[in-house]
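attaching a predicted model along with its sequence, questions to come.
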Amino acid sequence: MSVSMRPPPAGSRSPAGGLADRYGRRATDMRLSLTDKCNLRCTYCMPEEGLAWLSKNQIMTADEIVRLVGIGVDFLGIRELRLTGGEPLVRRDLVEILVRLRHNHPELPISMTTNGIGLAKKARALKDAGLSRINVSLDSLHAETFRALTRRPFLDQVLAGVTEAARVQIGLVKVNAVLMRGINDHEAVHLLSWAVASGFELRFIEQMPLDADHGWTRENMITAAEIRVRLEESFLLTPDLRQRDGAPAERWQVRAKDAPDVVLGTVGIIASVTEPFCSDCKRTRVTAEGKIMSCLFSREETDLLGLFRTGATDTDIAQRWSEAMWLKPKAHGMDHTGLGGVDFVQSDRSMSAIGG
Ligand code: SAM
Ligand code: SF4
């Protein structure tokens, strides 16, 4: 297929132009990183030490965030927003940002991905500010394994946070887990039993090559197929037939083997490496310092914050954003790495510095 390098015009108040790309996709789901800082050091994401934080002046202010989301929603057809990081809860003005976003966009689904540290204290305020849904990351239910994986001893805080988020009813609480071979992969069934008993939707995420230590290998990662085999040793899994609609997780209904008529819950598996869903991707990512990344694995970044700070109009910014998305790559090519493939080069940014 021959592709034009010119983006469609942006700047109208209809999503007709929007964030389209050369391959017929349209991004409507905005992932916005509020900070690069984090209070954990998950081995698959950050280094133990030595990652310098951005300075306060380098990251977007609350005003800039509110303006940027407004441009996305009003000019470019953004229909869903996820706040992430780094750790979004470490941002002191998080509740203020949420209140302002909710005021400007009463119907916009706004979700957040968090490690849960400090969530127990903030869940009520987040709910009242208008947060629609929350994902809490939790890879292990054992204190020692949690400490080994996150390099911090805070399992109890995360458990308290996820429990409080459910109590104040920030939507259906989802739990994200990454399985690491020889560390927590034996916990797959335990995590699912706990999640269904607690009323959380568990989502396993395949480990991706986005760790600052560059320790990921294709051979060592736990694949979605392996996760399903492990879960099926204890549960019956049947495909959840609800439309996937660009969602990254493939969902399965969970039943006990001795009571197959009762659905205990749902589990999602995000197979970004082995079963990529690039052709249906609807995401546009913005880093904490206001750079557009058209793909999690993109090595190209488009600076919008510089435009903000040199007096650009909303139309200029919408235009630059749509140009960046027009060049979104067709696919990430990640499953070729380590297998002699040539089309994947790991990003210089760790997941914490992009926004997962
Ligand atoms: N700090 C928050 C948290 O951990 O939930 C939000 C940011 S974190 C980067 C977002 C999600 O990315 C988490 O669920 C985390 O487990 C996941 N993640 C981080 N590094 C990853 C990697 N290399 N492969 C797969 N998932 C990863
Ligand atoms: Fe922090 Fe989240 Fe990365 Fe863990 S996955 S180090 S909690 S940003």
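The structure has been received and is ready for your questions. Ligands and ions are numbered 1, 2, ... in the order given.

going forward, measure contacts and count neighbours with C-alpha atoms only.
Will do.

pLDDT (mean, whole number) over the longest helix out of those in the chain?
Using DSSP state H to define each element, the chain has its longest helix at helix 62-76. For helix 62-76, the mean per-residue pLDDT is 98.

stretch 201-209 too?
On average, stretch 201-209 scores 95.

quick one: that stretch near ligand 2?
No: figure legend: stretch 201-209 not in contact with ligand 2 (Cα under 6 Å from any ligand atom); closest approach 10.7 Å.

what about the stretch 201-350 of the chain, any weak spots by pLDDT?
Across the stretch 201-350 of the chain, the ranges flagged by pLDDT under 70 are 243-245, 334-345.

one more time with 50, if that's ok
For the stretch 201-350 of the chain, residues meeting the criterion pLDDT under 50 lie at 338-342.

ok, which stretches of it are strands?
201-205, 235-239, 250-256, 259-270, 283-286, 291-293, 302-303 (DSSP state E, counting those that start in this stretch).

and the shortest one, how far out from the chain's middle?
What it means is strand 302-303. 20 Å (Cα atoms, centre = their mean, to the nearest Å).

so what strands line up beside that strand?
strand 291-293 (antiparallel) (DSSP bridges).

with the third one instead?
Sheet pairing for strand 250-256, assigned by DSSP bridges, gives strand 235-239 (antiparallel), strand 259-270 (antiparallel).

on that earlier part again, need the strands of the stretch 201-350 of the chain in TSV with distance to residue 328 and mean neighbour count, can you?
Below are the strands of the stretch 201-350 of the chain laid out as TSV (distance: least, Cα to Cα, whole Å; neighbours: other Cα atoms under 10 Å):
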stretch	distance to residue 328	mean neighbour count
strand 201-205	23	24
strand 235-239	30	18
strand 250-256	23	20
strand 259-270	21	18
strand 283-286	9	26
strand 291-293	8	24
strand 302-303	12	18
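
can you add distance to residue 60 and give the ones you listed back as JSON lines?
Below are those laid out as JSON lines (distance: least, Cα to Cα, whole Å):
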{"stretch": "strand 201-205", "distance to residue 60": "28"}
{"stretch": "strand 235-239", "distance to residue 60": "41"}
{"stretch": "strand 250-256", "distance to residue 60": "33"}
{"stretch": "strand 259-270", "distance to residue 60": "30"}
{"stretch": "strand 283-286", "distance to residue 60": "10"}
{"stretch": "strand 291-293", "distance to residue 60": "10"}
{"stretch": "strand 302-303", "distance to residue 60": "12"}
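
which one of those strands lies nearest to residue 19?
strand 283-286 (8.2 Å; Cα to Cα).

does the closest one reach ligand 1?
No: using Cα under 6 Å from any ligand atom, strand 283-286 stays clear of ligand 1, coming no nearer than 12.3 Å.

distance from the chain centre to that strand, please.
Per Cα atoms, centre = their mean, the centroid offset for strand 283-286 relative to its chain is 10 Å.

and the nearest residue to residue 327 once chain neighbours are set aside, what does it touch?
Of all residues beyond its chain neighbours, the one nearest residue 327 is residue 21 (6.2 Å), with distances taken as Cα to Cα, 6 or more residues apart in numbering. Counting by Cα atoms under 8 Å, 6 or more residues apart in numbering, residue 21 touches 7, 325-328.

could you pull out the helices for this structure?
Using DSSP H, helices in the chain cover 62-76, 94-104, 119-129, 143-150, 155-167, 188-198, 224-232, 305-308, 314-326, 351-354.

just put the ones you listed in JSON lines and tack on distance to residue 288.
JSON lines is the format used below for the helices of the chain (distance: least, Cα to Cα, whole Å):
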{"stretch": "helix 62-76", "distance to residue 288": "9"}
{"stretch": "helix 94-104", "distance to residue 288": "13"}
{"stretch": "helix 119-129", "distance to residue 288": "20"}
{"stretch": "helix 143-150", "distance to residue 288": "22"}
{"stretch": "helix 155-167", "distance to residue 288": "24"}
{"stretch": "helix 188-198", "distance to residue 288": "31"}
{"stretch": "helix 224-232", "distance to residue 288": "30"}
{"stretch": "helix 305-308", "distance to residue 288": "10"}
{"stretch": "helix 314-326", "distance to residue 288": "15"}
{"stretch": "helix 351-354", "distance to residue 288": "8"}
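
please consider this matter closed, and thank you.
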